[in-house]
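>>> Whatever this is, show me its structure:
(chains A, B and C)
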Amino acid sequence: MPSEQTLRILDTIRAVPRGRVASYGQIAMIAGHPLGGGGARDVVRILVSMSEKENLPWWRIVRKDGAIALSPGNGAELQRTLLLQEGVIFDASGKVAEAYFWTLYE
DNA sequence: CAACTGACGATAG
DNA sequence: CCTATCGCCAGTT
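This next block holds a predicted model:
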């Protein structure tokens, strides 16, 4: 069974609005985890192991620089497609514009 | 129960 | 610009 911290992260991920993306560190921060890279690792672990079992919008999670974090051939193309379907645009370098990052204002 | 696994992020060189 | 290293630690096997 997931811990409370895990549940908080799962909940935070589910709270990302459609057509927006969030970074790992951002999720960790909102969920109340220590930053500096360590918190982001939590999000990674949770996504890797639980995104299939839980009902998570894992495709809305990207790296802080806007690039897709997945390795090519491991779902990266799928993630890009899913985001495009939600209206998220990628620039020439394959990154999401900062304007698409979830801001918590809504 | 021990070892392994990671889709990050900051920093230093 | 790039690579290397460290911090962080739940979940899976």
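
>>> elements contacting the lengthiest helix in chain A?
Scanning chain A for the longest helix, with DSSP state H as the assignment, gives helix A:38-50. Counting contacts by 3 or more C-beta pairs under 8 Å, 6 or more residues apart in numbering; DSSP states H and E, helix A:38-50 packs against helix A:4-14, helix A:24-30. Glycine gets a C-beta too; all of them are placed from N, C-alpha and C.

>>> Pull the contacting residues for A:Glu54.
A:Leu10 (C-beta atoms under 8 Å, 6 or more residues apart in numbering).

>>> what pLDDT does it get?
Each residue has a pLDDT score; the one for A:Glu54 is 87.

>>> roughly how far apart are it and A:Lys64?
23 Å (C-beta to C-beta, to the nearest Å).

>>> is it true that A:Arg60 touches A:Leu83?
Yes - the pair A:Arg60 and A:Leu83 passes the contact test of C-beta atoms under 8 Å, sitting 7.2 Å apart.

>>> Give me the common contacts of those two.
Contacts common to A:Arg60 and A:Leu83, judged by C-beta under 8 Å, 6+ apart, are A:Val21.
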